[in-house]
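Visitor: test case, fold it:
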Amino acid sequence: MSDQSGASSSDVKAGHLLVEHTDGRVELADDSLIKSSPFYNHDLAPVKVAARNWSTYNYVALWFAMAACIPTYMMSSGLIASGMNAGQAIFTILLGNTIVLVPILLNSHPGTKYGIPFPVFARAAYGTMGSNLPALMRALVACGWFGIQAWIGGQAFDTMFNALCSAVSGGAVNWHTLLGGPYFDYTGTEWLSFLLFWCLNILIVFRGMNVLKKVESLAAPFVLVMTFALLCWTVSRAHGIGDLLHQQSKFATMADFWKVFIPSLTAMIGFWATLSLNMPDFTRFGRSQKEQTTGQIIALPTAMATFSSMGVVITSAAVTIFPTVAMDQLWDPVKLIGRLGQDQPFVVAIAMFTVALATLSVNVAANVVSPANDFANAFPRLITFKTGGLITGLVGLLMQPWRLIADPSGYIFVWLQGYSGGLGSIAGVLIADYWIIRKTRLDLADLYLTEGSYTYTSGWNFKAVAATVIGCACAWIGALVPALKTFYDYGWFVGFFTSLAVYVALMRMGGNPSANTNSL
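Guide: Predicted structure coming up:
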């Protein structure tokens, strides 16, 4: 290990001296300077190299745990409903997740190198104050996702409690009638189950990242095994895999297929476009670039394709078992398990526990960690990681997730596709700034200081803001102007490449900020 900063010690401003390890990871030799800054708190601070202990397995487990959720399981349903056959649907999912893996890995690098979370990383491009723009845009999407996953987990809890109540009472007590209702279209026990699951999410946030790491490591293999068991059970009861896998595509020509394929692919990219921004929140704990990169390449496309394929096979077998039941009832594993185990309540309870665990693991990791840091970044001295997590949960409630998920077509083609253009615009700026403009060199201390390399104009880099706004405008204009709908269909791609090109052009007009002798 050696002290290296790109300049001699006498040339480096006090508190800026860096320690570069042989594997390329960097930390401050002395962090006393940044601790007094209003942009600093313990949760946003660079992780010491000694505390960066996430291995390849931890990243594999993280992605498998996050992928093993109800939206992934049901992802193929919307694509098949739009006219694709099962093979086309799985290919679209696999391709979309392979594409989004590229910006995920590019934005993961600074997390591992400098030990910084996403909103602090964003300060380099957007400024110490301007970073709140991408951070809060990302946080708003995460709040919506948190609410959706919490509602799904609450539904699993409700089914589990109903099964246990039936088993204990011998069928004499109906759980769903205990608290009356419906209240706003749902029973009292559904609202109670939702609230309990919501509280469990917040509890894990309050226990910290080490508890989250343990939850992810345990949840991934358990959920994978239990999902495979459900697959074997349904195929056994159906005496085969059913006919859904052999169903033909409804598209007569390639042109017809392309009209659905492109917006669907954009939606698939949008599914993890959130993590393509805030992956530094996790890679800041990585033991090395090699381990976090290997873990993510192995896990993300594989996990998404595996779980969505299982959803197709299970549903296909379920059609044979329940030929008169509506397809939307069979695609939903919570409702399907309730039917499959009507005479086996303990089986239902175990299955619902698995669903709840899977939903919990993805919700806290994907939808609470980032916005908690994002809200803390807005007011570092007032909002901690725990407080930010609580704010996330409350905003998620206000977004009424039961309405967001009620319509599968709206979920894929409005919710996912819509926000993907905005997040793609942010990703374009971040990647352009870090890889093209700065060539991976950052002044770590200045990311936390009121006066430094990233102060720009009162803490705002308006060139980054302009590039983001132009990228969003190009990505979203097709939603308002029918003649430009293609731009909206390609939303993530349009936003990403537009903002990247505009940002590079604007920054090079004003000189190269990477020419900083204190950066590494």
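Visitor: list the buried residues in the helix or strand containing Val334.
Guide: Of the helices and strands defined by DSSP states H and E, Val334 is found in helix 333-340. By neighbour count with 16 or more other Cβ atoms under 10 Å, helix 333-340 contains the buried residues Pro333, Val334, Lys335, Leu336, Ile337, Gly338, Leu340. Placement of C-beta: from N, CA and C, glycine included.
Visitor: burial of Leu196, as a residue count?
Guide: Leu196: 15 surrounding residues under other Cβ atoms under 10 Å.
Visitor: quick one: contacts for the closest residue to it other than its chain neighbours?
Guide: Leaving aside its sequence neighbours, Leu196 sits nearest to Phe157 (Cβ to Cβ, 6 or more residues apart in numbering; 6.0 Å). Phe157 makes contacts with Ser193, Phe194, Leu196, Phe197, Met352, Ala356, as judged by Cβ atoms under 8 Å, 6 or more residues apart in numbering.
Visitor: my guess is Asn278 contacts Val368. True?
Guide: No. Asn278 lies out of contact with Val368 (Cβ atoms under 8 Å); the separation is 11.1 Å.
Visitor: this structure: strands as residue ranges?
Guide: 2-3, 18-20, 26-28 (DSSP state E).
Visitor: for those strands, which one ends up most surrounded?
Guide: strand 26-28 (a mean of 21; mean count of other Cβ atoms under 10 Å).
Visitor: run me through the strand neighbours of it, direction for each.
Guide: strand 18-20 (antiparallel) (DSSP bridges).
Visitor: average pLDDT across the strand it pairs with?
Guide: Strand 18-20 carries an average pLDDT of 89.
Visitor: when you give positions from now on, start the count at 15
Guide: Sure, I'll start numbering at 15, so the last one becomes strand 32-34.
Visitor: check which residues of the longest helix along the chain are buried.
Guide: In the chain, with assignment by DSSP state H, the single longest helix is helix 146-183. For helix 146-183, a neighbour-count test (16+ other Cβ under 10 Å) marks 146-180 as buried.
Visitor: that older thread, next, format the strands of the chain as CSV and append distance to Ala441.
Guide: Formatted as CSV, the strands of the chain follow (distance: least, Cβ to Cβ, whole Å):
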stretch, distance to Ala441
strand 16-17, 33
strand 32-34, 27
strand 40-42, 23
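Visitor: for Met98, find the nearest of these.
Guide: Closest of the strands of the chain to Met98 is strand 40-42, at 45.9 Å (criterion: Cβ to Cβ).
Visitor: got a list of what Ser91 touches?
Guide: Ser91 neighbours (Cβ under 8 Å, 6+ apart): Gly325, Thr329, Met341, Asp342, Trp345, Pro422.
Visitor: make that Arg298, sorry
Guide: Contact analysis of Arg298 by Cβ under 8 Å, 6+ apart lists Pro60, Val61, Arg66, Gly125, Thr126, Tyr128, Gly129, Ile130, Pro131.
Visitor: can you map out the helices along the stretch 165-314 of the chain?
Guide: Here the stretch 165-314 of the chain has its helices, by DSSP state H, counting those that start in this stretch, at 202-221, 223-252, 268-285, 289-292, 294-297, 303-335.
Visitor: now mean pLDDT and distance to Ile405 too, for those, in a markdown table please.
Guide: Output for these, formatted as a markdown table (pLDDT from 0 to 100; distance: least, Cβ to Cβ, whole Å):
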| stretch | mean pLDDT | distance to Ile405 |
| --- | --- | --- |
| helix 202-221 | 94 | 10 |
| helix 223-252 | 85 | 18 |
| helix 268-285 | 88 | 24 |
| helix 289-292 | 91 | 16 |
| helix 294-297 | 96 | 16 |
| helix 303-335 | 92 | 28 |
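Visitor: burial measure for Gly355, as a count.
Guide: 19.
Visitor: measure the closest residue to Phe78 other than its chain neighbours to Ala317 for me?
Guide: In space, and not counting its chain neighbours, Phe78 is closest to Ala234: 4.0 Å by Cβ to Cβ, 6+ apart. With the distance defined as Cβ to Cβ, to the nearest Å, Ala234 ends up 9 Å from Ala317.
Visitor: which neighbours do those two share?
Guide: Here Ala234 and Ala317 have Phe78, Ala82 as joint contacts, going by Cβ under 8 Å, 6+ apart.
Visitor: with neighbour numbers in mind, choose between those two.
Guide: The residue with more neighbours, out of Ala234 and Ala317, is Ala234; 25 against 22, by other Cβ under 10 Å.
Visitor: you'd agree that one is up against Tyr71?
Guide: No. Using Cβ under 8 Å, Ala234 is not in contact with Tyr71; the gap is 9.3 Å.
Visitor: how far away from the center of its chain is stretch 72-82?
Guide: 11 Å (Cα atoms, centre = their mean, to the nearest Å).
Visitor: what sits up against that stretch?
Guide: By Cβ under 8 Å, 6+ apart, the residues outside stretch 72-82 that reach it are 227, 229-231, 233-235, 237-238, 241, 289, 296, 300, 305-306, 308-310, 312-314, 317-318, 320-321, 372, 375-376, 379-380.
Visitor: before we move on, what about stretch 505-520?
Guide: Here stretch 505-520 makes contact (Cβ under 8 Å, 6+ apart) with 117, 139, 280, 283-284, 287, 431-432, 434-443, 445-447, 450-451, 477-478, 480-482, 484-486, 488-490, 492, 501.
Visitor: list the buried residues of that stretch.
Guide: Neighbour-count burial for stretch 505-520, counted by 16+ other Cβ under 10 Å, picks out 505-514, 516-518, 520.
Visitor: and what of stretch 268-285?
Guide: For stretch 268-285, a neighbour-count test (16+ other Cβ under 10 Å) marks 271, 273-285 as buried.
Visitor: now stretch 51-65
Guide: Ser51, Phe53, Tyr54, Asn55, Asp57, Leu58, Ala59, Pro60, Val61, Val63.
Visitor: let me know the closest of these to Gly195.
Guide: Gly195 lies nearest to Asp57 out of the buried residues of stretch 51-65, by Cβ to Cβ, at 39.6 Å.
Visitor: surely that closest one touches Ala390?
Guide: Yes. With contact defined as Cβ under 8 Å, Asp57 reaches Ala390; the gap is 5.5 Å.
Visitor: now list whatever residues contact both of these two.
Guide: Contact criterion Cβ under 8 Å, 6+ apart; residues shared by Asp57 and Ala390: Thr398, Phe399.
Visitor: now stretch 438-448: mean pLDDT?
Guide: Averaging pLDDT along stretch 438-448 yields 97.
Visitor: name the residues that touch that stretch?
Guide: 117, 120-121, 123-124, 135-136, 138-140, 148, 151-152, 283, 287, 290-291, 454, 456, 478, 481-482, 484-486, 489, 505-515, 517-518, 521.
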